[in-house]
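Peer 1: Requesting a structural model of the entry that follows:
(one chain, ligands or ions: 1)
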Amino acid sequence: MNANQLPSLWDEAYASTLDPVGELVYRSNLLGSDPRITNFGGGNTSAKVTETDPLTGEPVEVLWVKGSGGDLGTMKRAGLASLYQDRVTGLESRYRSGTHEDEVVGLYNHCTFNLNPTACSIDTPLHAFIPRRHVDHLHADSIISIAAAEDSERLTQEIFEGEVGWVPWKRPGFELGLMLRDLYESNQSLKGAVMGSHGFICWADTAHECYELTLSLINRAIAYLEERTPPRVHLAVRAPEPWTEHLPVLRGKVAHEGKRLIAHVDNSSEVLEFLANPDRDRLARLGTSCPDHFLRTKIRPLVLDGFDRLDEQLISYRAEYATYYDRCRRPDSPAMRNPNPSVVLVGGHGMVTFGKTKHEAKVTSEFYRRAIEVMRGAEALTRYTALPEQEAFDIEYWLLEEAKLKRMPPEKELSRQVAVITGAAQGIGLATAKRLARDGACVVLLDLNREKLDEAVASISEMAPHQVLGVATDVTDTAALEGAFAAATREFGGVDLCVVNAGNARRGTVADTSDQDYQLLSDLLMKAYFTTMRAATRIMIRQGTGGSIVVVGSKNAVAVGSNAAIYSAAKSFELHLMRTAASDLAKHGIRCNAVNPDAVLQGSGIWSDAWREQTAASLGISIDELPEYYRKRSMLGVTVEPDHIAEAIAWLSSEQRSSRTTGATVPVDGGVREGFLR
Ligand SMILES: [Zn+2]
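Peer 2: Alright, predicted model coming up:
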C-alpha cells in the first residue's frame, strides 16, 4: 500500500466485545485520531440503536450521535447525545425553512432519550435523516479539497465514479439534513455525499462497514490528488528568526480592549511552502473553507512580508474587518469582536496564530494548516473557491455560537498572561509556578537543575496542559538567560509577569567571606536579579501592555542577618533595584513589587545542608529543631511555607487585585519585628 494511504486499524476481535454504543465510541476514536481523516473537534459520527424505552418498556430506535463540542479522537461515551430517532425526524412538521434554522435547535432537547445530559450538535439532522444505521460526517483535507474546488460536482462524479453524490454548500442544520435525505431517496445506491465547501458524509449498515467505507473514500481522494499535486518543496526558515524582537510588538498590537492573547508559531516546511507560493495572496484572501474554521481563523489572515510596516498593515486590516462586519451584519448579530487578525502569515518566516489560551492558539494554527492543505489540493484539481462572504459571516457571528461562548466558564484571573519564574524547580519558585498556572497563566520555568525542572514541568503540565515550558538555565549567564526569555517569547508570544526568585545563600561576615562566595552571591542575587528584570521589562515595553515584576527578597533585606553579610546586603540591593524599576517604568504600566519571606525551609535550595548546619550551629540547636525555632520566633507562632509566599506573589501579579500597588514590599514571615518596613 502507498505510504500516504490510510490503513485500516479496525480490530474486529475487540470490536465484537463492545455493545453498539461502545462500538460507536471505538469507531469515533479510530477516525478522530488521524488528522488526515478529520480536523480537531471537527466532524461527527452516529449509530441508530434499538433500546428499551424507560417510559413504555417497549423497544425504540435511538440515535446516538456525537454531542456538541468535544473531539472524536478522545470522545468517550459521555460525549454522545441520545435522541428518539422518530422525534427528531418528526420535527420536520415544526420546521419553517429559511431563516428559522435556529428555532428548531431549541427543540432537539425535547427529543432526548433517557435524560442524557449531553447537548446534541447542530449536525444532528445530518445523521437523523439518513435512514441507515451508521453515519460518518468528516472533514478530511483530501475530500475538502474536492469540496472546495471549482467544478466540485463534476470532480466528485469522476473521482468516486458515481458512487458518491454531491450537495452544494449549505450551513449545517435542518435544511442540510433534508437535502441529504432527498439525495439519498433519489438514489439509494449512493454510499455517501460530498458536501460543497465543507466535507463529506457516508453511511452503512454496520459500524465496521462504515469505518472501512470512510477510509476507502478518503483513500480514493488521496490517490487522485497525489497524481495531480506537484511534489512538495522543502523550505527552511530564513535567518535570523524575527520572533524574539517582533512577536511581542505584534502581540501587544493584537490585544483588544486590554485583553492580551497567547501566540503560537508554526514555521514548518509546509507553511513556508505556502508562503513562497506566488498565488499566496490571492488564496489567503479567499479565506478558509471548512465552516468549523471561521470562528477561530476569522475570514482571512493578515499577510506580511516583514514587520517594518506593521502598524499601517494592521490599521488597514482592522478597517477592512470593520467594513466586512458592517456589510454583512444582521439586525440581531452579536457585536463586532476583536477586529485584529488571529492568523498572521510572515513571508519567509512562518505563521503566528493567537488565542485566549495556548490551546486555542494551537487549534487555530492547526485549522489554518488544514486550510493550506485544502488550498494546495483544490488548486491542483481546478481552482480553490471560498464560501460566499455572507455565509462566512453568518458562521463567524452565528447566534448559537455566541450563546456557546457566553456559556463558557469565566476566564481565570491570570488567563492570557505569560509568567517567567526563575529558580522555579523547587521551593518558593515551584509553589509560585503552580499557583500562577492554576490561576490561568502560561508559565515558563527557569532553573539550573534540569532533573528537578523536568519533574516540575511534568507536574504542572498534568494540571494545566499546553501552559508550561521549562528552560534549563544558569541565570548568571546573561546570554543563556536572554536565550530563555527568547524561548518564552517564541513559545507564548511575550512576557507579562516575572518572578525574580533564583537565589542561594552563603554564611560569612565581612571579615571572613571569600572572594568566591562574594562572587557567587553578587552574580546570583545582584547581577542576575538585574539582568532578569531587564530582559522581562524590555519585552514588556515592546508589547506596550504593561506588566508585573515580583522580586523575592528576604527579611534580611531589612533586618541585618547575623553572619550573612553579603547575602543581607545583596537582598537589600534587590529591594532598592525593584523600587528604581517601579519608579522608572511606571510610565509603561509596569508594576514592580517585592515579597520578603523569612525562614521558608520546605523544599528550599538555599536551605542546603551547609546553610542548615551553620545556622543550627550558630543558634546552638540541632538541625531538627530549626523549624520549631523559626515557628516560635515568628510573632504569629506559625511556620512559613512556599505556598504562603506564592499567595502574596499571585496577589501582586494580579491586575484585577493589585493594580494600584507598585514599589511595595510585602513581608510574608509570620511576623518578625526586626523585618518591619519603615
Ligand atoms: Zn462538518
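Peer 1: For burial, what's the neighbour tally of residue 333?
Peer 2: Residue 333 has 16 neighbouring residues, counting by other Cβ atoms under 10 Å. Placement of C-beta: from N, CA and C, glycine included.
Peer 1: so where's the stretch 1-150 of the chain uncertain?
Peer 2: Applying pLDDT under 70 to the stretch 1-150 of the chain flags the ranges 1, 97-100.
Peer 1: Can you show me the helices along it?
Peer 2: 12-15, 20-32, 85-90, 101-108, 124-128, 141-147 (DSSP state H, counting those that start in this stretch).
Peer 1: Identify each buried residue in the longest one, please.
Peer 2: Of the residues in helix 20-32, those buried under the neighbour-count criterion (16 or more other Cβ atoms under 10 Å) are 20-21, 23-32.
Peer 1: again, but for the first one
Peer 2: For helix 12-15, the buried set under the neighbour-count rule, 16+ other Cβ under 10 Å, comprises residue 15.
Peer 1: What segments of the stretch 501-650 of the chain are strands?
Peer 2: 547-552, 590-597 (DSSP state E, counting those that start in this stretch).
Peer 1: so residue 562 makes contact with residue 618?
Peer 2: Yes - the criterion here is Cβ atoms under 8 Å, and residue 562 meets it with residue 618 at 7.1 Å.
Peer 1: Distance of the nearest residue to residue 33 once chain neighbours are set aside relative to residue 665?
Peer 2: Using Cβ to Cβ, 6 or more residues apart in numbering and skipping the chain neighbours, the partner closest in space to residue 33 is residue 73 (4.2 Å). Using Cβ to Cβ, to the nearest Å, residue 73 is found at 50 Å from residue 665.
Peer 1: The helix or strand bottoming out on mean pLDDT in the chain to helix 101-108, inter-axis angle?
Peer 2: Using mean pLDDT, DSSP states H and E, helix 399-407 stands out as the lowest-scoring helix or strand of the chain, at a mean of 74. Put simply, helix 399-407 runs at 60 degrees to helix 101-108, going by axes from the mean of the first three to the mean of the last three Cα atoms, to 10 degrees.
Peer 1: got the contact list for the next helix or strand along the chain from helix 399-407?
Peer 2: Using DSSP states H and E, the helix or strand that follows helix 399-407 in sequence is strand 418-422. Contacts to strand 418-422, defined as Cβ atoms under 8 Å, 6 or more residues apart in numbering, come from residues 262, 429, 432-433, 436, 441-447, 473, 475, 484-485, 488, 492-502, 528, 532, 536, 653.
Peer 1: And stretch 296-303, by the same measure?
Peer 2: Here stretch 296-303 has contacts from 280-281, 284-288, 313-314, 317, 321, 324, 341-345, 347, 351, 353, 355, 360, 363-364, 367-368, 371, 389, 392-393, 396, using Cβ under 8 Å, 6+ apart.
Peer 1: Quick one: mean pLDDT for stretch 439-450?
Peer 2: Across stretch 439-450, the average pLDDT comes to 97.
Peer 1: Buried residues in that stretch, which are they?
Peer 2: 439-448.
Peer 1: Show me what residue 120 is bridged to.
Peer 2: According to DSSP bridges, the partner residues bridging residue 120 are residue 67.
Peer 1: gap between it and residue 53?
Peer 2: Where residue 53 is concerned, residue 120 sits at a distance of 18 Å (Cβ to Cβ).
Peer 1: quick one, which of those two is more surrounded?
Peer 2: The neighbour comparison of residue 120 against residue 53 (other Cβ under 10 Å) goes to residue 120, with 26 against 14.
Peer 1: Is the more buried one in contact with residue 110, as I believe?
Peer 2: No - between residue 120 and residue 110 there is no contact under Cβ under 8 Å: 11.2 Å.
Peer 1: got any residues that touch both of those two?
Peer 2: With Cβ under 8 Å, 6+ apart, residue 120 and residue 110 have no common neighbours.
Peer 1: Got the domain ranges for this structure?
Peer 2: Segmentation of the chain into domains, based on automatic domain parsing, reads 12-228, 243-407, 418-606+641-670.
Peer 1: Could I get the buried residues of helix 20-32 in JSON lines, plus columns for distance to residue 641?
Peer 2: Shown next, in JSON lines, are the buried residues of helix 20-32 (distance: Cβ to Cβ, whole Å):
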{"residue": "20", "distance to residue 641": "53"}
{"residue": "21", "distance to residue 641": "48"}
{"residue": "23", "distance to residue 641": "51"}
{"residue": "24", "distance to residue 641": "49"}
{"residue": "25", "distance to residue 641": "44"}
{"residue": "26", "distance to residue 641": "47"}
{"residue": "27", "distance to residue 641": "50"}
{"residue": "28", "distance to residue 641": "46"}
{"residue": "29", "distance to residue 641": "43"}
{"residue": "30", "distance to residue 641": "47"}
{"residue": "31", "distance to residue 641": "48"}
{"residue": "32", "distance to residue 641": "43"}
